[in-house]
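Trainee: A predicted structure for the sequence below; I have some questions about it.
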Amino acid sequence: MITADLFAEANQLQCEQILPEVFLLRSFALQMAPQILNQLDLIAAQSPFRRMQTPGGFFMSAAITNCGDVGWHSDRQGYRYSEIDPQTEQAWPVMPECFRELAETAARQSGFSRFSPDVCLINRYEVGAKMGLHQDKDEKDFSQPIVSVSLGLPIVFQFGGPKRNDPVQRIPLQHGDVIVWGGAARRYYHGVLTLKPGQHPLTGSYRYNLTFRQAR
DNA sequence: TAGTTCCG
DNA sequence: TGGT
């Protein structure tokens, strides 16, 4: 219990504000990373990473899976959350307690005290993969923040505004970094640039991103 | 437009 | 690389 809080203190938590209501918690998940990656293997064994199709019929370059009460899914029919993994036709893997604890603590540190995520969307990036500018708008309650955890290879995160062509901030993210956004920024466009080649001691040539949301 | 390709 |  409260492991993440202890880590935060031990690490002399630095919370950097990128924009109003966008917070960068550098190295926040660093000490938990090995544990998280172990859990990721168990989750992927149950609901494998897969590249999803957009409504337009193209495949996203990042491979995706989920854990939690629901999972985010995309296909030609659109974007949605479902209780069942359409690939396995089973429930999504249960969200590990240490995931929930990390997400809630990061949210609390950023001023969002009542965050209770019901889904963790997991993106796996290989070299060359990216995520175009988009809004997270498939959730019911936009008063709940998003908590995003970076593991493995570094990448450049882009955070824009409410309109697609609003100017974008570029934030280099490293292994263990956590970004939290809410309030007005909850609807802002964001994405990541192309993953560059590299090798990380814990993840090899991959970068993983965990995004915690309250979908329902 | 959670994409790719192409153009400049 | 950035807009699209």
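Mentor: That came through fine.
Trainee: Assign a three-state SS to the closest residue to DNA strand C within chain A, would you?
Mentor: Going by C-beta to the nearest atom of the strand, DNA strand C is nearest to residue A:165 of chain A, at 5.0 Å. In short, each C-beta sits where N, CA and C put it, glycine included. Following DSSP: H, G, I helix; E, B strand; the rest coil, residue A:165 is assigned to coil.
Trainee: confidence score at it?
Mentor: pLDDT, residue A:165: 87.
Trainee: if I look at it, how far off is residue A:133?
Mentor: Separation of residue A:165 from residue A:133 (C-beta to C-beta, to the nearest Å): 9 Å.
Trainee: the more surrounded of the two?
Mentor: Set side by side, residue A:165 and residue A:133 show more neighbours around residue A:133, with 16 against 9, by other C-beta atoms under 10 Å.
Trainee: In contact with the more buried one, which residues?
Mentor: Residue A:133 makes contacts with A:158, A:160, A:164, A:168, A:189-191, as judged by C-beta atoms under 8 Å, 6 or more residues apart in numbering.
Trainee: In a strand, it, correct?
Mentor: Yes - Residue A:133 forms part of a strand when assessed by three-state DSSP.
Trainee: and the residue nearest to residue A:196 when sequence neighbours are not counted, how many neighbours?
Mentor: Of all residues not flanking residue A:196 in the chain, residue A:127 sits nearest, at 7.0 Å (C-beta to C-beta, 6 or more residues apart in numbering). Residue A:127 has 13 neighbours, counted by other C-beta under 10 Å.
Trainee: Centroid-nearest residue for chain A?
Mentor: In chain A, the residue lying closest to the centroid (C-alpha atoms, centre = their mean) is residue A:211, at 2.2 Å.
Trainee: What strands line up against the host helix or strand of it, and which way round?
Mentor: Assigned by DSSP states H and E, residue A:211 belongs to strand A:207-213. In the sheet, strand A:207-213 lines up against strand A:119-125 (antiparallel), strand A:146-152 (antiparallel) (DSSP bridges).
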